[in-house]
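Chemist: Take a look and give me a structure for this.
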Amino acid sequence: GECEIICDGGIRRGTHVLKALASGATACSMGRPYLYGLAAGGQAGVNKALDLLRAEIVRGMGLIGCRNISEINAKHIA
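Modeler: Have a look, this model is predicted:
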């Protein structure tokens, strides 16, 4: 609780975001999904990539029984 921890690197899926949060990260940066979306379809591709990432996060949260991000913690890491 004394500083922000930002996971920068290796984030390619929604489950990676959940693992980072469960490990104590307060935020995640990502490059590849954004760039792949941009290369494939411009702004619409970026929007699609972010929508897919969001859907993976929501689905993953449902599978581990969390209703919101604040419920994710170290007990969710196996």
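Chemist: for the protein, which residue is closest to the average position?
Modeler: Closest residue to the average C-alpha location of the chain: Val17 at 2.9 Å, with Cα atoms, centre = their mean.
Chemist: doesn't Ser29 make contact with it?
Modeler: No. At 10.4 Å, Val17 does not count as touching Ser29 under the criterion of Cβ atoms under 8 Å. Where you see a C-beta, it was placed from the backbone N, CA and C, and this is true even at glycine.
Chemist: Common neighbours of those two, please.
Modeler: Residues touching both Val17 and Ser29 by Cβ atoms under 8 Å, 6 or more residues apart in numbering: Ile11.
Chemist: returning to that earlier point: which residue lies closest in space to the residue nearest to the centre of the chain, excluding its sequence neighbours?
Modeler: Nearest non-adjacent residue to Val17, counting by Cβ to Cβ, 6 or more residues apart in numbering: Cys28, 5.1 Å away.
Chemist: Do a quick rundown of the strands in the chain.
Modeler: Here the chain has its strands, by DSSP state E, at 6-8, 27-29.
Chemist: Tabulate those (CSV), appending mean neighbour count and mean pLDDT.
Modeler: Shown next, in CSV, are these (neighbours: other Cβ atoms under 10 Å; pLDDT from 0 to 100):
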stretch, mean neighbour count, mean pLDDT
strand 6-8, 14, 91
strand 27-29, 15, 92
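Chemist: Ok, which of these comes nearest Gly37?
Modeler: strand 27-29 (15.2 Å; Cβ to Cβ).
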